[in-house]
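[1] next one to model:
(2 chains)
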Amino acid sequence: MLRLGGAVGKTFMIPYNAFHFKTLCTAKKSLAPMSLTLEQVKRIAHLARIEISDDEALTTQGHLNGIFQLIEQMQAVDTTGVEPMAHAQDVSQRLREDVVSETDRRAAYQAVAPEIEAGLYLVPKVIE
Amino acid sequence: MINASLKDLSLALAAKKISSVELSSLFLERIERLNPTLNAFVTVDREKSLQMARDADARIAAGTAGPLTGIPIAQKDIFCAEGWLSTCGSKMLANFVSPYDATVIRKMHAEAGLVSLGKTNMDEFAMGSSNETSFFGSVRNPWDTERVPGGSSGGSAAAVAARLAPAATGTDTGGSIRQPAALCNLTGLKPTYGVVSRYGMIAFASSLDQGGPMAASAEDCALLLNTMVGFDERDSTSLDRPVEDYARDLDKPLNGLRIGLPKEFFGEGCDAGVMSAVRAAIAEYEKLGATTVEVSLPNSHLSVPAYYVIAPAEASSNLSRFDGVRYGYRAPDYGNLDDMYMKTRAQGFGAEVKRRILIGAYVLSHGYYDAYYLQAQRIRRLIANDFVEAFKHCDVIMSPTSPSTAFKLGEKAADPVQMYLSDIYTIAVNLAGLPGMSIPCGFVGGLPVGLQLIGNYFAEGQLLNVAHRYQQATDWHQRRPGGIE
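    Sure thing, here's the model as predicted:
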């Protein structure tokens, strides 16, 4: 991350995928609950970086609990010894030569960004 | 001309009976006239389309045309197309003009010479079974405009059914090609996972998403599929296998074909009228020389629960890219970086998309990962194994595509679970990665019924053959809705 003096109150940074649920989530280890509490709904919304009002959280809680009731059917199944299937095709990841394969299209890709300057994406300041 | 098959359009273009510009103009005029009622297209760019048509006419004149060069089609708005708005039905991408082509688009434009008439409406990020979750409003079913066209490829389905386009692209994660095809009296095919490149196809659930054709007949689907498939370096799950001509076996007789009927798909939970149309279709197949055998998919009742863990889990990860930084919507007012993410995503995503992101975030979270996500993946294996077992006894599996005909707008919109259950017969196919089709097989109360055909891995050619022979013996697929002349 680098900072440029010219932009007031902005920091330039190269973005990355901002959300890593597995590492961010601090839900306590426990058995799967039959229903989510309002606090859990708000907590998940925060982890997913979606602002949620109290009213929305309440409606969402109802919907999610309906869906989890459907999902709970899975718990009755004994899957001991069954290999998890992540993918439809049993193929391994391809490798390729480590050579440049793409042309420089930086300007075209940045043209669709909400806010850029000097070839960098602008976001609110993250460090003082 | 508006009802002509792709083959007939191809012959007419080659014989110079009509130019691509004339043909494309004909459909553009229909879109202008009928789209305000149907809302099937979200973007039409007459000049762009006509330029492609002029290029196609030049190729035809120069003798360098392919079989479908100059034929206009509709593109589901999930496919990024350079210079076109590519919205995925979302406010998040409402202003996103794609800087690049999806592989499917590139192949169709640059290689096949097809003309895109525009981008079709869809459920937001392909999450829905009625097209009601689109930021751009519901699509109406041409067979009854008070009813849904199905989803998520509802715009493509309505466009082809109302003959605003001769054919269209769709994508299918849990039934999104087959279910709208069934509800709008079309033929739709979801290929084996990995056959059609996902590059530039905006991701929903990457291990399930697959693009495919939607058209009036199996023959049209075969010709269109030929232009879509092929190994792609840019899709890490694209399969490197020999190119086939999917039209090669269309006319093969069906003598000795063994049709598997899963007993779980012929029990309760399906509309009686739908079931009797499906049974009549199977009887027709017996007349064509096929035999039937009962098979079992004992874990199929778990496909909807497993899907609603796996698909949201993948979606929550895929949709984390929409953060208001590199492309798409950014909230107008915000404080710090976190606040910008939170407001951007709260305002940019609709209710169904948020629900699925939250489900996904939850099932992937520490402490619940094993109970939900891994359990769902284990059940996915059981479901896939059921098909392996079933295909030891049959060549193709048949069932209803959807448990009901097109439902009314708003009928299921308030109850996500009811909506999810409308894909009860289609989802297992995606989990296993198999090819599946829906073909028209009758009507109940004036509304179309779809017959689902499920094939073994890479059996697209066989499925198209099985569908085509039925369409040579019946005319359900040639019926058109009234009021669209």
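[2] tell me the spacing between B:Y372 and B:F349.
    The gap separating B:Y372 from B:F349 is 22 Å, by CB to CB, to the nearest Å. Where you see a C-beta, it was placed from the backbone N, CA and C, and this is true even at glycine.
[3] compare neighbour counts for these two and give me the winner.
    Shown here are B:Y372 and B:F349; by other CB atoms under 10 Å in any protein chain shown, B:Y372 has more neighbours (28 against 25).
[4] A:E72 is in contact with that one, correct?
    No - shown here, B:Y372 and A:E72 do not form a contact pair, counting by CB atoms under 8 Å, at 9.6 Å.
[5] secondary structure class for the closest residue to B:G289 other than its chain neighbours?
    In this structure, B:G289 finds its nearest non-sequential neighbour in B:N255, 3.7 Å apart by CB to CB, 6 or more residues apart in numbering or on different chains. Here B:N255 is recorded as coil under DSSP: H, G, I helix; E, B strand; the rest coil.
[6] what strand or helix carries A:A45?
    Here A:A45, judged by DSSP states H and E, is contained in helix A:38-47.
[7] hmm, which helix or strand of the chain has the shakiest average pLDDT?
    Unless you meant another one, I'm taking chain A. Sorting the helices and strands of chain A by mean pLDDT, DSSP states H and E puts helix A:21-24 at the bottom, at a mean of 36.
[8] you answered for a different chain; I wanted chain B.
    Min over SSEs of chain B, mean pLDDT, DSSP H and E: helix B:416-420 (a mean of 91).
[9] can you name every helix or strand that that one contacts?
    For helix B:416-420, the packing partners by 3 or more CB pairs under 8 Å, 6 or more residues apart in numbering or on different chains; DSSP states H and E come out as helix A:54-71.
[10] can you check what angle separates the helix it packs on from helix A:38-47?
    Counting by axes from the mean of the first three to the mean of the last three CA atoms, to 10 degrees, helix A:54-71 lies at 100 degrees to helix A:38-47.
[11] can you show me the CA trace of helix A:54-71 as PDB?
    C-alpha atoms of helix A:54-71 as PDB (Å, rounded to 0.1, in the frame of the first residue of the first chain):
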ATOM      1  CA  ASP A  54     -33.000  -4.300  12.800                       C
ATOM      2  CA  ASP A  55     -36.100  -4.700  10.700                       C
ATOM      3  CA  GLU A  56     -34.200  -6.400   7.900                       C
ATOM      4  CA  ALA A  57     -32.500  -8.600  10.300                       C
ATOM      5  CA  LEU A  58     -35.800  -9.800  11.700                       C
ATOM      6  CA  THR A  59     -37.300 -10.600   8.300                       C
ATOM      7  CA  THR A  60     -34.000 -12.300   7.300                       C
ATOM      8  CA  GLN A  61     -34.000 -14.300  10.500                       C
ATOM      9  CA  GLY A  62     -37.500 -15.800   9.500                       C
ATOM     10  CA  HIS A  63     -36.400 -16.600   6.000                       C
ATOM     11  CA  LEU A  64     -33.100 -18.100   7.000                       C
ATOM     12  CA  ASN A  65     -34.600 -20.300   9.600                       C
ATOM     13  CA  GLY A  66     -37.100 -21.600   7.100                       C
ATOM     14  CA  ILE A  67     -34.200 -22.400   4.800                       C
ATOM     15  CA  PHE A  68     -32.200 -24.000   7.500                       C
ATOM     16  CA  GLN A  69     -35.200 -26.200   8.400                       C
ATOM     17  CA  LEU A  70     -35.000 -27.500   4.900                       C
ATOM     18  CA  ILE A  71     -31.200 -27.900   5.100                       C
END
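[12] buried residues, it. List them.
    For helix A:54-71, a neighbour-count test (16 or more other CB atoms under 10 Å in any protein chain shown) marks A:56-57, A:60-61, A:63-64, A:66-68, A:71 as buried.
[13] which of those residues are close to chain B?
    Within the set of these, contact with chain B (CB under 8 Å from any CB of the partner chain) is found for A:60, A:63-64, A:66-68, A:71.
[14] in the stretch 51-200 of chain B, which spans are strands?
    Applying DSSP state E, counting those that start in this stretch to the stretch 51-200 of chain B gives strands spanning B:72-76, B:115-120, B:167-172, B:187-190.
[15] tilt between the third one and strand B:72-76?
    Counting by the same axes, to 10 degrees, strand B:167-172 lies at 20 degrees to strand B:72-76.
[16] now for strand B:167-172, which elements pack on it?
    Here strand B:167-172 touches strand B:72-76, helix B:154-161, helix B:178-183, strand B:187-190, strand B:210-215, helix B:218-228, going by 3+ CB pairs under 8 Å, 6+ apart.
[17] tell me the spacing between B:G442 and chain A.
    Relative to chain A, B:G442 is positioned 30 Å away (CB to the nearest CB, to the nearest Å).
[18] residues contacting A:S35?
    Residues in contact with A:S35 (CB atoms under 8 Å, 6 or more residues apart in numbering or on different chains) are A:65, A:68.
[19] that one in helix, strand or coil?
    Per three-state DSSP, A:S35 ends up coil.
[20] any figure for the gap between it and chain B?
    12 Å.
[21] mind checking pLDDT for that residue?
    Listed pLDDT for A:S35 reads 87.
[22] tell me which of the strands of the stretch 51-200 of chain B sits most buried.
    Ranked by mean neighbour count, those are led by strand B:187-190 with a mean of 33 (mean count of other CB atoms under 10 Å in any protein chain shown).
[23] who's in contact with B:R330?
    Shown here is B:R330, whose contacts under the criterion CB under 8 Å, 6+ apart are A:114-115, B:324, B:340, B:344.
[24] which of those are buried?
    Neighbour counting over those (16+ other CB under 10 Å) leaves A:114, B:324, B:340, B:344 as the buried ones.
[25] so which of those are in helices?
    B:340, B:344 (DSSP state H).
[26] what's the closest of the helices and strands packed on strand B:167-172 to B:S317?
    B:S317 lies closest to strand B:210-215 among these, at 18.3 Å (CB to CB).
[27] can I get the CA coordinates of that closest one in PDB?
    This file holds the C-alpha atoms of strand B:210-215, laid out as PDB (Å, rounded to 0.1, in the frame of the first residue of the first chain):
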ATOM      1  CA  GLN B 210     -22.900 -24.400 -16.900                       C
ATOM      2  CA  GLY B 211     -24.000 -22.500 -20.000                       C
ATOM      3  CA  GLY B 212     -26.100 -24.000 -22.700                       C
ATOM      4  CA  PRO B 213     -28.600 -23.400 -25.600                       C
ATOM      5  CA  MET B 214     -32.300 -22.600 -25.400                       C
ATOM      6  CA  ALA B 215     -34.300 -22.900 -28.600                       C
END
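[28] how about the closest residue in space to B:P99 that isn't next to it in sequence, phi and psi?
    Excluding its sequence neighbours, the residue lying closest to B:P99 (CB to CB, 6+ apart) is A:A108, at 4.1 Å. With angles defined as degrees, to the nearest 10, A:A108 sits at phi -60, psi -40.
[29] before we move on, back to that, helices and strands around the helix holding A:A45, which ones?
    For helix A:38-47, the packing partners by 3+ CB pairs under 8 Å, 6+ apart are helix A:54-71, helix B:351-363.
[30] tell me how far the longest one lies from the chain's centre.
    In other words, helix A:54-71. Centre-to-centre, helix A:54-71 and its host chain are 20 Å apart (CA atoms, centre = their mean, to the nearest Å).
[31] now stretch A:88-99
    Per CA atoms, centre = their mean, the centroid offset for stretch A:88-99 relative to its chain is 24 Å.
[32] now swap in stretch B:381-391 and tell me
    The chain centroid and the centroid of stretch B:381-391 are separated by 23 Å, computed with CA atoms, centre = their mean.
[33] repeat for stretch B:345-355
    The answer for stretch B:345-355 is 22 Å, by CA atoms, centre = their mean.
[34] quick one: contacts for the closest residue to chain B within chain A?
    Of all residues in chain A, A:A88 sits closest to chain B, at 2.3 Å by CB to the nearest CB. Residues in contact with A:A88 (CB under 8 Å, 6+ apart) are B:192-194, B:207-208, B:384, B:431-433.
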